[in-house]
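1. sequence? don't have it. structure:
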């Protein structure tokens, strides 16, 4: 379980990115974090594993106060928190396997990681995960040889290789096309269900958030202005988060997109059967 | 939406520059021409034109004496040539060994201390760069005595600055998100360097090293002029006794070596990138 209490972040420039943010994420819950650009979504999830230092407040992961840890302890805590990034953030010039195994770096001593001699069970797990995300044939390819969707799957495998107790996911679909975005979101949510993993997903696509998250938190200028189930995200709530816009039309066109995608899938199945 | 037709008469007129801007531009060009004329006058104030008019004859005379090259002298050049290549290669290796740690200390994103070690590393890099290899060789020959060792050290010390500067710039240009992602797994500092920074700078590192080796082949060919070993010593000896055909041969040999080294470095860089 993750609990965030009265988290505040003020950048050195004086910009107040987060103000008194509090919420709890129980085991197995997938939280969609939405809000306009600059609302502090990225800062919030980076405060959880302290890639960004919070100014005030506490972050507790299963009773461990992450905000108080010193560097060695912080590294051990980070091993328990998997992170998936916007532009995949894979090390482009390393192979897929090296990228997945880098999820174990916190567990192996420097020389073993330097010579790439990881323990057998880590390697076996990496193969299982690559199989789970559908990339077992690509283990020895360089990461920059893959397509966007494939790279994000490697990113997911790297995060899971850590055996995390929490997933932090920063705009996982920002650089993907609509169809791949849905596939990636579906994969992430499925995996969270399988493992009972709690996750916080930063996402700017409201419709995707509603479709896949169990709960939505809306940020506006660094404050929580909405916290509830996806069904409660009414037009009035969206206006509170983002400001005035024609929300019904947007949701309709997204529904059409999805219908078209479903039709396409049915069509593909028909073709497969015909063959 | 339709595009409205705009007739030529009512179309707005657009100029790249304002009239004042155009005038300033012409004035600027005029100023440059004036400066050139003034500089030319200053430059040729003390030229003795008789010698200049005589130049073609003097050059032709020198060519006559220098041609054909004395090919038989070649047997005494193989040894110094081998020395020259060794000076360049070992000097480059020495430069790399010294420059890599300095580059990591100097890069603002990997330096362990911004206040002490970074300025120190930057100072070492600048100091090495500001002294030409020939000057390094002069200093080292007077300290160590003439010979190949002085040459190797001179080339090495000069290479530190070159490799260090280009490498630390490459380190500073690495993608921060990859570093962030590896750090987020709980990796230690050394592991972050090994997994996120090194793979990103490795191609630049190879490119820079081979490029410097290529430059060092050229530089080590003249180090002999100050007694630091290699083919330059032969060049100086031949110049001293006015043995122009030997000088021609040495210049041809240096040219050939440089062409080969340039070809090698181009091939290597092409293979990495």
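-> Yep, that arrived. Predicted model only: the values in this text are computed from it and were never measured. Numbering: from 1, shown residues only, chains lettered A, B, ... in the order given.
2. Domain ranges for chain A, per the record?
-> Chain A breaks down by automatic domain parsing into domains covering A:2-243, A:245-275.
3. now those in TSV, with mean neighbour count and distance to chain B?
-> Heads up, the C-betas are built off the backbone N, CA and C, glycines and all. Rendered in TSV, the data for those read as follows (neighbours: other Cβ atoms under 10 Å in any protein chain shown; distance: least, Cβ to the nearest Cβ, whole Å):
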stretch	mean neighbour count	distance to chain B
domain A:2-243	18	3
domain A:245-275	11	20
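4. Out of those domains, which gets the lowest mean score?
-> Ranked by mean pLDDT, these bottom out at domain A:245-275, which scores a mean of 72.
5. Residue B:254: what secondary structure?
-> What DSSP: H, G, I helix; E, B strand; the rest coil gives for residue B:254 is helix.
6. Just the element for the residue lying closest to it once chain neighbours are set aside, please.
-> Excluding the flanking residues, the one nearest residue B:254 by Cβ to Cβ, 6 or more residues apart in numbering or on different chains is residue B:221, at 4.8 Å. Under DSSP states H and E, the secondary-structure element containing residue B:221 is helix B:198-223.
7. Check which helices and strands that helix sits against.
-> With contacts defined as 3 or more Cβ pairs under 8 Å, 6 or more residues apart in numbering or on different chains; DSSP states H and E, the secondary structure elements packing on helix B:198-223 are helix B:78-106, helix B:133-144, helix B:148-172, helix B:231-240, helix B:244-272.
8. now the angle between helix B:148-172 and that helix, please.
-> 150 degrees (axes from the mean of the first three to the mean of the last three Cα atoms, to 10 degrees).
9. Can you list the buried residues in helix B:198-223?
-> B:198-201, B:204-205, B:207-223 (16 or more other Cβ atoms under 10 Å in any protein chain shown).
10. model confidence over it, on average?
-> 88.
11. Find out how far that helix is from the centre of the chain, if you would.
-> 9 Å (Cα atoms, centre = their mean, to the nearest Å).
12. got the angle for it vs helix B:133-144?
-> Compare the direction of helix B:198-223 with that of helix B:133-144 by the same axes, to 10 degrees and you get 70 degrees.
13. What residues does the stretch 51-200 of chain B have near chain A?
-> Where the stretch 51-200 of chain B comes near chain A, counting by Cβ under 8 Å from any Cβ of the partner chain, the residues are B:175, B:177-178, B:180-188, B:190-191, B:194-196, B:199-200.
14. Now, of those, which are buried?
-> Buried members of these, counted by 16+ other Cβ under 10 Å: B:177-178, B:180-188, B:191, B:194-196, B:199-200.
15. In helices, which of those fall?
-> Using DSSP state H to define helices, the subset of these located there is B:177, B:178, B:180, B:181, B:182, B:183, B:191, B:199, B:200.
16. Max pairwise distance over these: which two?
-> Set against one another by Cβ to Cβ, these have their most distant pair in B:177 and B:191, with a gap of 16.9 Å.
17. For the residue lying closest to residue B:167 once chain neighbours are set aside, list the residues it contacts.
-> Sequence neighbours aside, residue B:103 is the residue nearest to residue B:167 in space, at 3.8 Å (criterion: Cβ to Cβ, 6+ apart). Neighbour list for residue B:103: B:121, B:163, B:164, B:167, B:168, B:171 [criterion: Cβ atoms under 8 Å, 6 or more residues apart in numbering or on different chains].
18. quick check, nearest of these to residue A:3?
-> residue B:171 (38.7 Å).
19. burial measure for that closest one, as a count.
-> Burial of residue B:171, expressed as a neighbour count using other Cβ atoms under 10 Å in any protein chain shown, amounts to 23.
20. what's the single longest helix in chain A?
-> Among the elements of type helix in chain A, defined by DSSP H, the one spanning the most residues is helix A:247-274.
21. Show me what that one is packed against.
-> Using 3+ Cβ pairs under 8 Å, 6+ apart as the test, helix A:247-274 ends up in contact with helix A:178-195, helix A:206-212, helix A:235-242.
22. Out of the ones you listed, which is closest to residue B:152?
-> Ranking the helices and strands packed on helix A:247-274 by their distance to residue B:152 (criterion: Cβ to Cβ) puts helix A:178-195 first, at 55.6 Å.
23. residues making contact with the closest one?
-> The contact list for helix A:178-195, computed with Cβ under 8 Å, 6+ apart, reads A:28, A:30, A:84, A:132-133, A:148-149, A:152-153, A:156, A:160, A:167, A:169, A:172-173, A:176, A:197-199, A:201, A:205, A:208, A:211-212, A:257-258, A:261.
24. Looking at those, which are in helices?
-> With helices identified by DSSP H, the entries of those that belong to them are A:132, A:148-149, A:152-153, A:156, A:160, A:208, A:211-212, A:257-258, A:261.
25. which of those sit farthest apart?
-> Across these, no pair lies farther apart than A:160 and A:257, at 28.7 Å, counting by Cβ to Cβ.
26. Any idea which of the domains of chain A gets closest to residue B:91?
-> Taking Cβ to Cβ as the criterion, domain A:2-243 is the member of the domains of chain A that comes nearest to residue B:91, at 28.4 Å.
27. Indicate the residue of chain B located nearest to chain A.
-> With Cβ to the nearest Cβ as the measure, residue B:186 is the residue of chain B nearest to chain A, at 2.8 Å.
28. Could you find the closest non-adjacent residue to that residue?
-> The shortest distance from residue B:186 to any non-neighbouring residue, by Cβ to Cβ, 6+ apart, is to residue A:106 (2.8 Å).
29. Make sure the one you found is actually in contact with residue A:79.
-> Yes. Counting by Cβ atoms under 8 Å, a contact exists between residue A:106 and residue A:79, whose distance comes to 3.7 Å.
30. joint contacts of the two?
-> A:162, B:185, B:186.
31. Could you pull up the contacting residues of the first one?
-> Put plainly, it is residue A:162. Counting by Cβ under 8 Å, 6+ apart, residue A:162 makes contact with A:79, A:80, A:81, A:82, A:103, A:104, A:106, B:185, B:186.
32. check contacts around the second one.
-> Okay, so that is residue A:80. A:61, A:162, A:163, A:164, A:165, A:166.
33. before we move on, what about the fourth one?
-> Contacts of residue A:82 were listed using Cβ under 8 Å, 6+ apart, and they are A:103, A:158, A:159, A:160, A:162, A:164, A:166, A:167, A:168.
34. now do 7 Å
-> By Cβ atoms under 7 Å, 6 or more residues apart in numbering or on different chains, the residues touching residue A:82 are A:159, A:160, A:162, A:164, A:167.
35. Repeat that for the first one.
-> Under the criterion of Cβ under 7 Å, 6+ apart, the contact partners of residue A:79 comprise A:106, A:107, A:162, B:185, B:186.
36. Tell me which entries of those residues lie within strands.
-> Secondary structure assignment by DSSP state E places none of the contacts of residue A:79 in strands.
37. quick check, nearest of the residues you listed to residue B:85?
-> Nearest to residue B:85 among the contacts of residue A:79 is residue B:185, at 45.2 Å by Cβ to Cβ.
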